[in-house]
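Q: Model the structure of this input:
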Amino acid sequence: MQMNFVKTMIASAAALTAISGTVSAGDYGKNKKDIIDTAVEAGQFTTLAAALEAAGLVGTLKGDGPFTVFAPTDDAFAALPAGTVDTLLKPENKDQLVSILTYHVLPNKVMSGDIAGQTLDVETVQGSTISIDATDGVKVDNATVIKADIKASNGVIHVIDAVVMP
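A: Down below sits the predicted model:
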């Protein structure tokens with residue numbers, strides 16, 4: 001059931017953007033697309049895109065920014081306990097979904113070079129602080145950044161391997 005609901009949400013999220021091809025790693029540095037379009041085109045954030053739509057956050061992340069998004073991959077969402085994504089995507093759980101998703105967003109642009117060698121607690125859009133440890137690779141709470149500095153017109157995406165919870 002979880003996959004059917006996610007597939008429906010993915011189809012809806014895809015309708016939000018005109019996908020004109022795949023963005024290669026070389027394209028990220030000169031990307032003129034916003035965070036949402038960049039994430040959708042990357043192809044590994046379909047569950048995140050569906051969740052952002054269900055939470056009503058697409059318009060916000062298409063806004064001026066700048067934003068830093070710690071973006072969990074589809075595999076990161078799949079690793080959550082069975083039924084978690086389905087439960088979060090239900091309209092009655094929108095507040096909880098918004099809280100979780102905005103915990104993944106910083107209200108400014110932070111490139112990996114800006115924090116290299118540091119350990120920080122940074123306030124998220126959600127209002128809580130998130131721990132970032134950039135002393136040996138980059139950890140964001142319990143997640144590891146697996147690809148950093150994917151530039152978008154209104155900020156930056158850092159790909160993480162787990163969904164972090166406030």
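
Q: Please report how far residue 99 lies from residue 127.
A: Relative to residue 127, residue 99 is positioned 9 Å away (CB to CB, to the nearest Å). (Glycine included, C-beta is placed from N, CA and C.)

Q: how about the residue positioned nearest the centre of the chain, secondary structure?
A: Geometric centre of the chain, nearest residue: residue 71, 2.7 Å, by CA atoms, centre = their mean. Assigned by DSSP: H, G, I helix; E, B strand; the rest coil, the conformation of residue 71 is strand.

Q: wait, isn't it in contact with residue 159?
A: Yes: in this structure, residue 71 is within contact of residue 159 by CB atoms under 8 Å, at 5.5 Å.

Q: With neighbour numbers in mind, choose between residue 99 and residue 127.
A: A side-by-side neighbour count of residue 99 and residue 127, using other CB atoms under 10 Å, places residue 99 first with 17 against 10.

Q: Alpha carbons only: can I get the strand or helix carrying the more buried one in CSV?
A: Secondary structure assignment for residue 99, by DSSP states H and E: helix 94-102. C-alpha atoms of helix 94-102 as CSV (Å, rounded to 0.1, in the frame of the first residue of the first chain):
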residue,chain,number,x,y,z
LYS,A,94,0.2,17.2,7.8
ASP,A,95,1.5,19.2,10.8
GLN,A,96,3.8,16.3,11.8
LEU,A,97,5.0,16.0,8.1
VAL,A,98,5.6,19.8,7.9
SER,A,99,7.6,19.6,11.1
ILE,A,100,9.8,16.7,9.9
LEU,A,101,10.4,18.3,6.4
THR,A,102,11.2,21.8,7.7
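
Q: Whichever helix or strand comes after that helix pairs with which strands, and in what direction?
A: Using DSSP H and E, the helix or strand that follows helix 94-102 in sequence is strand 105-106. Its sheet considered, strand 105-106 pairs with strand 67-72 (antiparallel) by DSSP bridges.

Q: hang on, the earlier thing: give me the pLDDT value at the residue nearest to the centre of the chain.
A: We have a pLDDT of 98 for residue 71.

Q: Understood, closing this out.
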